[in-house]
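>>> Sequence and predicted structure below; questions after.
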Amino acid sequence: MNVLKWIILSLAFSAVWIGCSRTIPIERTDYEMLSEAELNEIIETGLEAWRMPGAIAGGAACVQCHSPDGIDLAKANYSNFTVRRRGAGHAAPGIETLNASKLEDIVNKIRALQVKHGFTAVDPQEWIPFQPGELPIEGKSNQERDAEFGRFLKDMGLILSMDWFNKEADTQQQAERLTEVNLLDLPVGIRLNLWSEDPYYSSSADILGDWLPLNPIRPTGSGQYLFDELQRAYTANTGIKQLSELLSFISEVDFRTPAGTLDFLSYSKYKAQLIAQHSFRYTGKKSEQRSSSIDEILSDLNRAEPEIGNPFWDIGRYFADSPTIDELNLPESHLSRLSGDTFQDLALAWLWLGWMADPGFQFTNCEPEWDCVAILSDQLTEHELHFHRMFMKSKAAVERRYQ
């Protein structure tokens, strides 16, 4: 395909200056000239490389940590330089493994996906998926951010209370206002997590809290074949049914690494990012035809497969339980970044996201169910976010009443 060869040549010459800029425009001008059939051909070629074993974790493929087709890299808008740099450590010698030539197929696939889905440019070093208002409320401290959040609520005419069960008209009116508040739109003083902290640019401890699993998802025996088939079925038809079958499989299958605390975190993160990447598919120019948010997706998934639960909440609970450093078995490069407050900060971000995805705590598996409110309330109190806590308890009470 002459057009594709010319594109690859152009990208190779541009790689040097591309890597020098932190905020990168989408490198897709050439791809926008291609037909849909040509874009799909590039994507299919890239998918072969995406599924090939590499040089890390005993031969893990890209697909065992990332989304089934790599749409997360397209959405995050990583530069060609960054994809090559980060992919180089995964490349292995041999024709049947991910090599330097196959990395170029992945670069091309990412650009083709960006055009196909109409993604706009973001900075991958600053992009926080599902952060309400795109950025957290500004302030020098949690107390300042909490006070500003309280002012937002006052301006919205909200009076916070747990007494949503008396029948007075003003209380009913407040309840109705609370049900109308979309948690995905209301700015908060809580910073959620980047999709992927890049060690090349960052030395923070947040790398432990980003979306990508530390251990690849690698089933044992015949489970690997079924895993591959479910991945292919989802990329062929990215519907809730196919996604729920993939998530259900991950919840039940045996994996190559022995069950442990870091493995649980990795599996939960992988499930969370599968839900997230499904949402990304409907945020570009195709959104006029169909839109989907994480709360809608999570509800649809649990109707299809009730055991899927709420992986966002599971990750928050993991950090809230404060695993010891020894349990994590992390590489030294990660250990040096951790401090005593790291786990609790990560817990709050994931628990709040878990609540955003499930305002009525239907899928969080707390025993009893109202314990979920207590868990998040304790985290908010510890971080001195008292208006956030009052709002959460009031909103959760109303949501549960109207379920």
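Noted; the coordinates are in hand.
>>> drop to CA atoms for contacts and neighbour counts, all remaining ones
Fine.
>>> What ranges does the stretch 101-250 of the chain have for its helices?
142-155, 169-180, 223-236, 240-252 (DSSP state H, counting those that start in this stretch).
>>> Considering those, which stretch scores lowest in mean pLDDT?
With a mean of 76, helix 169-180 has the lowest mean pLDDT of the helices of the stretch 101-250 of the chain.
>>> I'd like to know which elements it is packed against.
Under the contact criterion of 3 or more C-alpha pairs under 8 Å, 6 or more residues apart in numbering; DSSP states H and E, helix 169-180 touches helix 386-401.
>>> Could you list every helix and strand in contact with the helix it packs on?
So helix 386-401, by 3+ C-alpha pairs under 8 Å, 6+ apart, packs with helix 142-155, helix 169-180, helix 371-382.
>>> I'd like the average pLDDT over that helix.
88.
>>> okay, how far is it across stretch 127-145, tip to tip?
End-to-end distance for stretch 127-145, by C-alpha to C-alpha, to the nearest Å: 20 Å.
>>> Report the buried residues of it.
127-132, 134-138, 142-145 (16 or more other C-alpha atoms under 10 Å).
>>> same check, this time on stretch 391-403
For stretch 391-403, by 16+ other C-alpha under 10 Å, it's 391-399.
>>> how about TSV for those, with distance to residue 86 added?
Below are the buried residues of stretch 391-403 laid out as TSV (distance: C-alpha to C-alpha, whole Å):
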residue	distance to residue 86
391	41
392	39
393	42
394	44
395	42
396	41
397	45
398	46
399	43
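>>> ok, back up a step: columns distance to residue 122 on top of the helices and strands packed on helix 386-401, output as a markdown table?
Below are the helices and strands packed on helix 386-401 laid out as a markdown table (distance: least, C-alpha to C-alpha, whole Å):
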| stretch | distance to residue 122 |
| --- | --- |
| helix 142-155 | 25 |
| helix 169-180 | 29 |
| helix 371-382 | 30 |
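>>> Which one, of those, ends up nearest to residue 43?
Smallest distance to residue 43 across these (C-alpha to C-alpha): 40.0 Å, for helix 169-180.
>>> Now do the closest one against helix 386-401, angle only.
Between the axis of helix 169-180 and that of helix 386-401 there is an angle of 90 degrees, by axes from the mean of the first three to the mean of the last three C-alpha atoms, to 10 degrees.
>>> Now helix 169-180 - C-alpha only, PDB.
Presented in PDB, the C-alpha positions along helix 169-180 are these (Å, rounded to 0.1, in the frame of the first residue of the first chain):
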ATOM      1  CA  ALA A 169     -42.500  20.400  50.000                       C
ATOM      2  CA  ASP A 170     -39.200  22.200  50.500                       C
ATOM      3  CA  THR A 171     -37.500  18.900  51.400                       C
ATOM      4  CA  GLN A 172     -39.000  17.200  48.400                       C
ATOM      5  CA  GLN A 173     -37.700  20.100  46.200                       C
ATOM      6  CA  GLN A 174     -34.200  19.700  47.600                       C
ATOM      7  CA  ALA A 175     -34.300  16.000  47.000                       C
ATOM      8  CA  GLU A 176     -35.300  16.600  43.400                       C
ATOM      9  CA  ARG A 177     -32.400  19.100  42.900                       C
ATOM     10  CA  LEU A 178     -30.000  16.600  44.300                       C
ATOM     11  CA  THR A 179     -31.100  13.800  42.000                       C
ATOM     12  CA  GLU A 180     -30.600  16.200  39.100                       C
END
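>>> what distance separates it from the centre of its chain?
Its chain's C-alpha centre and that of helix 169-180 lie 32 Å apart, by C-alpha atoms, centre = their mean, to the nearest Å.
>>> in it, what's buried?
Neighbour counts over helix 169-180 (16+ other C-alpha under 10 Å) mark 171, 174-175, 177-179 as buried.
>>> now swap in stretch 55-72 and tell me
Buried residues in stretch 55-72 (16+ other C-alpha under 10 Å): 55, 59-72.
>>> do the same with stretch 238-254
The neighbour-count check on stretch 238-254 (16+ other C-alpha under 10 Å) flags 240, 242-250, 254 as buried.
>>> contacting residues for the nearest residue in space to residue 380 that is not next to it in sequence?
Of all residues not flanking residue 380 in the chain, residue 389 sits nearest, at 5.7 Å (C-alpha to C-alpha, 6 or more residues apart in numbering). Contact analysis of residue 389 by C-alpha atoms under 8 Å, 6 or more residues apart in numbering lists 376-377, 380-381.
>>> Buried ones only from these, please, as a ChimeraX command.
Only the buried entries of the contacts of residue 389 go into this ChimeraX selection, using 16+ other C-alpha under 10 Å:
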select :376,377,380
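>>> would JSON lines of the contacts of residue 389 with distance to residue 151 and pLDDT be doable?
Shown next, in JSON lines, are the contacts of residue 389 (distance: C-alpha to C-alpha, whole Å; pLDDT from 0 to 100):
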{"residue": "376", "distance to residue 151": "21", "pLDDT": "96"}
{"residue": "377", "distance to residue 151": "20", "pLDDT": "95"}
{"residue": "380", "distance to residue 151": "17", "pLDDT": "97"}
{"residue": "381", "distance to residue 151": "18", "pLDDT": "96"}
